[in-house]
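*Asks:* A predicted structure for the sequence below; I have some questions about it.
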Amino acid sequence: MAAFVILFWGVTFASTRVLLEDFSALEIQVIRFGLAWLVLWLASACRRAKSSFRSWRDEALFAGMGLSGVALYQFLENCAIYYTNASNVAILVSFGPVVTAVLARLFTGDKSFSPRFAMGALVAVIGVALVSLNGVVNFQMRPLGDMMAVGAMASWGFYSILIDKANRRGVHEMEAVRRAFLWSLALVAPFAVWGVTESGFYALDGSFSVTLDLAENIERFSRPLNLMNLAFLGILASAVCFALWSRACKSLGVVRTTVGLYLTPIVGVMFAAIFLGESLTVMSIVGGALIVVGVVLATLRFPGKETIR
């Protein structure tokens, strides 16, 4: 399940980049997770799963998941891609597994964080940097976009901890993710309303803008490439992948699963090479090898030295 998710999440950067030509970051987020919520609601209806109110504590948990893993993470990452280089975003976000491991140690007692884990994570981060730069050494600090990428990284760390708490409370993965998506839509709704106004339209170079013009919407929604990317992000990358990711976290432990995210740049580079005709460089190949070595080093368990999830 983790490998399936990593495969599809590795393509989301390119998909989002294409959509940002016609949609704002906020519009992409609302459409993507609105579609994802609808798909999960239909799936729950088909399996006749009950969706009753559990407790205010659980609702607070779902709201936290919606805020950290969807509302904040997705919006900050989309904006970061716009304001800085994609390589900057990939490199900075790659520190997420380390942040997740530290937060898990502080809030859940998970003892996966160790010198060996830190060493493996460092090797993987170096690999991510080489793959992301892909032969073009052009890492330039762009404060606004880079800070957004750091914020996205921290948000995902907190989301991972909340996934673990939901799993421990026995909440079904599909139900937890669906409720998180609903809360995320509720949280961004005021910004969507503001985005219709002139002040919202110009905020962050249009990142908050929401267009209700009928002619413009018909034009951009009639483009097959836009529809394909929206469907991919909403159905596969969100509805399916978020639910499977929660299940993988339950089986493998949230820290070990999150380390797998280091493999997404490899998928991105392979996708670009196969479908976009981009060439593979020696730097990207070496980086890919370092990522694999780092992931193995960080997650491999030796006999008699099992970590506590």
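*Replies:* Okay, I see it.
*Asks:* only C-alpha atoms from now on, for both contacts and neighbour counts.
*Replies:* OK.
*Asks:* pop out the phi and psi values for residue 104.
*Replies:* With angles defined as degrees, to the nearest 10, residue 104 sits at phi -60, psi -40.
*Asks:* how many neighbouring residues does it have?
*Replies:* Look at residue 104: counted by other CA atoms under 10 Å, it has 24 neighbours.
*Asks:* and if you look at residue 221?
*Replies:* 14.
*Asks:* and it, how far from residue 299?
*Replies:* Distance of residue 221 to residue 299, given as CA to CA, to the nearest Å: 43 Å.
*Asks:* again, but for residue 131
*Replies:* Taking CA to CA as the measure, residue 131 falls 21 Å from residue 299.
*Asks:* which one of those two is surrounded by more residues?
*Replies:* Using other CA under 10 Å as the criterion, residue 131 and residue 299 rank with residue 131 on top: 30 against 20.
*Asks:* touching, that one and residue 265? I think so.
*Replies:* Yes: if you go by CA atoms under 8 Å, residue 131 and residue 265 touch, sitting 6.6 Å apart.
*Asks:* where are the low-confidence patches of the stretch 201-309 of the chain?
*Replies:* 268, 271-273, 275-280, 301-309 (pLDDT under 70).
*Asks:* where does the stretch 1-150 of the chain dip in pLDDT?
*Replies:* Residue ranges of the stretch 1-150 of the chain with pLDDT under 70: 48-54, 85-88, 90, 132-142.
*Asks:* and with 50 instead?
*Replies:* By pLDDT under 50, the stretch 1-150 of the chain has no low-scoring segment.
*Asks:* just the helices in it please.
*Replies:* 2-9, 12-19, 25-46, 56-65, 73-83, 86-93, 96-107, 115-133, 143-168 (DSSP state H, counting those that start in this stretch).
*Asks:* right, and those helices - which one's nearest residue 212?
*Replies:* Proximity to residue 212, assessed across these by CA to CA, is greatest for helix 25-46 (10.9 Å).
*Asks:* for the closest one, buried residues please.
*Replies:* Neighbour counts over helix 25-46 (16 or more other CA atoms under 10 Å) mark 25-41, 44 as buried.
*Asks:* picking that back up, so which of the helices of the stretch 1-150 of the chain gets nearest residue 246?
*Replies:* helix 143-168 (6.4 Å).
*Asks:* buried ones in that closest one, by neighbour count?
*Replies:* Going by neighbour count (16+ other CA under 10 Å), the buried part of helix 143-168 is 145-167.
*Asks:* who are the neighbours in contact with residue 72?
*Replies:* Taking CA atoms under 8 Å, 6 or more residues apart in numbering, we find residue 72 in contact with 152, 155.
*Asks:* ok, now how distant is it from residue 169?
*Replies:* With the distance defined as CA to CA, residue 72 ends up 24 Å from residue 169.
*Asks:* go on, residue 148?
*Replies:* From residue 148 to residue 169 the distance is 32 Å (CA to CA).
*Asks:* check residue 231 too.
*Replies:* In terms of CA to CA, residue 231 sits 31 Å off from residue 169.
*Asks:* of these two, which one has the most company?
*Replies:* Using other CA under 10 Å, the more surrounded residue of residue 231 and residue 169 is residue 231, with 17 against 10.
*Asks:* ok, that one - contacts?
*Replies:* Taking CA under 8 Å, 6+ apart, we find residue 231 in contact with 32, 35.
*Asks:* quick check: which element contains it?
*Replies:* Counting by DSSP states H and E, the element that carries residue 231 is helix 224-231.
*Asks:* show residues contacting stretch 55-69.
*Replies:* Around stretch 55-69, the neighbours that count as contacts under CA under 8 Å, 6+ apart are 155-156, 158-160, 162-163, 166, 176-177, 179-184, 187.
*Asks:* before we move on, the earlier item: I'd like the next helix or strand past the helix holding residue 231.
*Replies:* For helix 224-231, the succeeding helix or strand toward the C-terminus, using DSSP H and E, is helix 241-252.
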